[in-house]
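Student: I would like the atomic coordinates for the input below:
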Amino acid sequence: MFAKIAQHFKSLTMKSQIILFNVITLVIVLSIVWINYYVQTEIFSAISSSSLIQILQVQDQDQIGFIAQNVAVIIELKFITVLQQIEQIKQFYNFFEIEKENIVNNQKMNPCISMKNFIKNKKEFQTPKFCYQAIGVPDYISIPQAEIEVLILHDFISFLNHYSLVINVPFTGKLQIASISQTKYFAQFPSGLLSPNYDITQRFWYQNHLLKTETDSNTGFVFSPLNEAFASQTKEMSITNSIYKKDQMIGIIKEGLLVNNQLIPAVPYNVLLLDQEGLVVYFNIEKLINKTDYFYIYDENITGFNKTDWEEMIQFSNQRERIILVLENKLQKEKVNIYSLEVLKNNFTLIVYTNITTKIDSQNKSAAIKEKSLFNFTISLFVQIMLGFIAIIVQIIVILVVFRPLKQFNSIIKQYTLSLGNNINSEIFKMINKKPQESDALTTLQNKILSFSQILSESQGRKCEMCKIWEAFSYNLNDSEFDFDLLKNQFKYLENGKQEFNKKMLKIIKQGIN
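Tutor: All right, here's what the predicted structure looks like:
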């Protein structure tokens with residue numbers, strides 16, 4: 001088969017061989033271009049897309065774990081700041097109790113301003129300082145002299161008020177010190193309104209502290225479950241500690257750790273802070289920014305997670321070595337990376353998980369990049385195909401231009417060869433070109449022979465007899481008489497048949513040409 005193809009290729013003209021070779025080369029080049037396009041669009045694109053997804057997944061997991069741990073550290077640091085401030089106030093009270101005989105306090109603490117005075121002078125309310133009120137006395141500000149614990153606390157807080165500039169409550173909102181007495185005395189920082197209807201003994205943190213210290217008098221810090229801050233919709237976790245005079249508890253120091261954006265910084269991920277029951281006490285979740293109602297983590301219609309997911313989060317947060325937890329968000333039908341850990345003395349669970357909107361945006365950007373790359377690859381393919389066709393067309397034109405004079409030259413050589421070749425080629429040339437000739441080969445041959453015979457006769461006539469005898473003896477020739485009349489008759493016969501021969505030969509040549 002290959003031998004036949006090679007033989008057929010050799011039988012083609014040089015021009016046809018070159019054109020065929022260029023066409024085959026173009027087909028090979030276009031095949032390579034198509035293979036390259038397929039590899040780029042299918043294989044490389046699949047590999048790059050898969051690699052990009054894996055990179056984004058790993059990056060998302062690393063960032064979530066890193067951010068969750070750092071947010072937990074920030075919360076714990078703020079929590080420790082509150083604990084340290086309460087502990088320092090307690091130690092300052094112990095110092096005051098020991099050195100109160102040597103301390104002269106000429107400045108008195110002002111009571112909380114009434115609503116009427118607040119309207120008249122708002123600047124006084126805005127100045128950070130302690131104020132007090134005593135619910136149980138007629139004017140709500142008189143200090144009952146019969147209640148020793150109230151007098152001690154009032155003197156201590158008045159002295160503490162001189163150092164109020166060092167008290168910091170950005171995460172708690174208010175610092176309160178309440179007495180354990182018949183009169184409901186308490187002071188608060190940095191400001192407060194006189195409110196006769198405010199019963200501090202009915203506050204949840206107050207009752208919870210008494211309950212915990214009643215069972216264990218050595219209890220230090222008491223952490224109350226979340227409750228709403230007074231006159232606010234913000235959740236707070238109350239942290240309390242006891243003030244003792246000798247072995248008797250006379251007061252409670254309380255700071256409420258507000259669960260808001262001051263406690264938890266804004267991050268580009270979904271953040272949830274849950275209590276032990278799964279109640280969401282703080283959230284920064286996409287599409288739920290303005291939600292004010294309380295909800296649980298396992299409320300699938302809101303968060304996209306169910307109770308099984310909540311149990312897995314709790315189990316994950318209790319592990320010592322945590323990597324990442326992958327769960328499906330049923331609300332948005334997407335896999336998300338989750339990192340959960342216990343914070344604030346294991347009273348709360350911090351959960352950070354993938355921002356699905358950001359994930360979808362990243363996927364859309366990746367798809368857009370892929371489509372753009374595919375478009376560029378397609379444009380490149382068509383450009384290469386067009387350039388290939390243009391190149392082959394230019395080559396064919398060049399070949400035709402180059403071979404045109406060669407073809408003309410070959411035709412001239414062929415005609416010249418036929419015109420100067422043997423008698424048969426000469427006659428073929430004459431019949432093809434049909435040009436009138438002055439004499440043909442037979443006429444020329446006849447004239448040459450007649451001329452030669454005449455010269456020979458004249459030469460024989462000039463020779464002597466002795467030369468003739470010697471010539472006959474040397475070549476053993478018989479001096480036979482040459483019959484010129486017979487030769488003339490033969491030439492006439494040839495001339496008569498010449499016309500018929502020319503017609504037949506011309507017909508054969510034309511058939512061969514066609």
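Student: Quick one: distance of the helix or strand harbouring Gln408 to the chain centre.
Tutor: Using DSSP states H and E, the secondary-structure element containing Gln408 is helix 356-420. In this view, helix 356-420 has its centroid 34 Å away from the chain centroid, taken as C-alpha atoms, centre = their mean, to the nearest Å.
Student: And it, what does it pack against?
Tutor: Helix 356-420 makes packing contacts with helix 14-38, helix 45-99, strand 334-343, helix 423-433 when contacts are defined by 3 or more C-beta pairs under 8 Å, 6 or more residues apart in numbering; DSSP states H and E. Where C-beta positions appear, they are placed from N, C-alpha and C, glycine not excepted.
Student: which ones are touching Ser142?
Tutor: Counting by C-beta atoms under 8 Å, 6 or more residues apart in numbering, Ser142 touches Ala134.
Student: Three-state assignment for it, please.
Tutor: coil (DSSP: H, G, I helix; E, B strand; the rest coil).
Student: quick check: domain ranges of this protein?
Tutor: 103-258, 278-354, 422-448+508-514 (automatic domain parsing).
Student: Next, format those as CSV and append distance to Val73 and mean pLDDT.
Tutor: Listed next are these as CSV, based on distance: least, C-beta to C-beta, whole Å; pLDDT from 0 to 100:
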stretch, distance to Val73, mean pLDDT
domain 103-258, 14, 86
domain 278-354, 9, 86
domain 422-448+508-514, 100, 55
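Student: CSV please, covering those and showing distance to Ala266.
Tutor: Listed next are these as CSV, based on distance: least, C-beta to C-beta, whole Å:
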stretch, distance to Ala266
domain 103-258, 15
domain 278-354, 6
domain 422-448+508-514, 94
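Student: mind checking which of the ones you listed is nearest Glu76?
Tutor: domain 278-354 (6.2 Å; C-beta to C-beta).
Student: how big is the angle separating the helix holding Gln408 from helix 45-99?
Tutor: Taking axes from the mean of the first three to the mean of the last three C-alpha atoms, to 10 degrees, helix 356-420 and helix 45-99 form an angle of 160 degrees between their directions.
Student: just to revisit the earlier point, quick one: closest of the domains of the chain to Ile264.
Tutor: Judging those by C-beta to C-beta, what sits closest to Ile264 is domain 278-354, at 5.8 Å.
Student: what residue is smack in the middle of this structure?
Tutor: Ser366 (3.8 Å; C-alpha atoms, centre = their mean).
Student: Would you mind measuring from that one to Ser373?
Tutor: As judged by C-beta to C-beta, to the nearest Å, Ser366 and Ser373 stand 11 Å apart.
Student: How about Pro190?
Tutor: Using C-beta to C-beta, Pro190 is found at 60 Å from Ser373.
Student: Mind checking which of the two has more residues around it?
Tutor: In this view Pro190 and Ser373 are compared by other C-beta atoms under 10 Å, and Pro190 has more residues nearby, 18 against 15.
Student: Excluding covalently adjacent residues, which one is nearest to the more buried one?
Tutor: In space, not counting the residues next to it along the chain, Pro190 is nearest to Pro128; the distance is 3.6 Å by C-beta to C-beta, 6 or more residues apart in numbering.
Student: again, but for Val352
Tutor: Closest residue in space to Val352, ignoring its immediate chain neighbours: Ala68 at 4.0 Å, by C-beta to C-beta, 6+ apart.
Student: Please apply the same query to Ser242.
Tutor: Spatially, and ignoring its direct neighbours in sequence, Ser242 is nearest to Met249 (4.8 Å; C-beta to C-beta, 6+ apart).
Student: What number of neighbouring residues does that neighbour come out with?
Tutor: 17.
Student: quick one: secondary structure of it?
Tutor: Following three-state DSSP, the label given to Met249 is strand.
Student: How about it: which residues does it bridge to?
Tutor: Tyr244 (DSSP bridges).
Student: Next up, the contacts around it.
Tutor: With contact set as C-beta under 8 Å, 6+ apart, Met249 has these partners: 180, 213, 217, 242-243.
Student: Would you mind measuring from it to Leu210?
Tutor: According to C-beta to C-beta, Met249 and Leu210 sit 9 Å apart.
Student: Need the residues touching each of these two.
Tutor: What both Met249 and Leu210 touch, as defined by C-beta under 8 Å, 6+ apart, is the set Ile180.
Student: Okay, now the sheet partners of whichever strand or helix holds Val352, with direction.
Tutor: Element membership for Val352 (DSSP H and E) is strand 348-353. Applying DSSP bridges, strand 348-353 is found paired with strand 270-274 (antiparallel), strand 334-343 (antiparallel).
Student: Can I get that strand in PDB, CA atoms only?
Tutor: Extracted in PDB, the C-alpha atoms of strand 348-353 (Å, rounded to 0.1, in the frame of the first residue of the first chain):
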ATOM      1  CA  PHE A 348     -20.400  29.800  75.600                       C
ATOM      2  CA  THR A 349     -19.600  28.300  72.200                       C
ATOM      3  CA  LEU A 350     -18.000  30.400  69.500                       C
ATOM      4  CA  ILE A 351     -18.800  29.200  66.000                       C
ATOM      5  CA  VAL A 352     -17.100  30.600  62.800                       C
ATOM      6  CA  TYR A 353     -18.100  29.200  59.400                       C
END
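Student: returning to that earlier point: so the residue nearest to the centre of the chain touches Ser48, yeah?
Tutor: No - assessed by C-beta atoms under 8 Å, Ser366 is found out of contact with Ser48, at 9.1 Å.
Student: residues in contact with the closest residue to Leu381 other than its chain neighbours?
Tutor: Spatial nearest neighbour of Leu381, chain neighbours left out: Tyr37 (4.5 Å); criterion: C-beta to C-beta, 6+ apart. Taking C-beta under 8 Å, 6+ apart, we find Tyr37 in contact with 377-378, 380-381.
Student: same question, Phe92
Tutor: If you count contacts by C-beta under 8 Å, 6+ apart, then Phe92 has 160, 163 around it.
Student: where's it relative to Gln176, distance?
Tutor: 16 Å.
Student: And Leu77, by the same measure?
Tutor: As for Leu77, its distance to Gln176 is 23 Å (criterion: C-beta to C-beta).
Student: Then Ile148?
Tutor: In terms of C-beta to C-beta, Ile148 sits 21 Å off from Gln176.
Student: Looking at the two, which is more packed in?
Tutor: Using other C-beta under 10 Å, the more surrounded residue of Ile148 and Gln176 is Gln176, with 23 against 13.
Student: Surely that one forms part of a strand?
Tutor: Yes - the assignment for Gln176 (three-state DSSP) places it in a strand.
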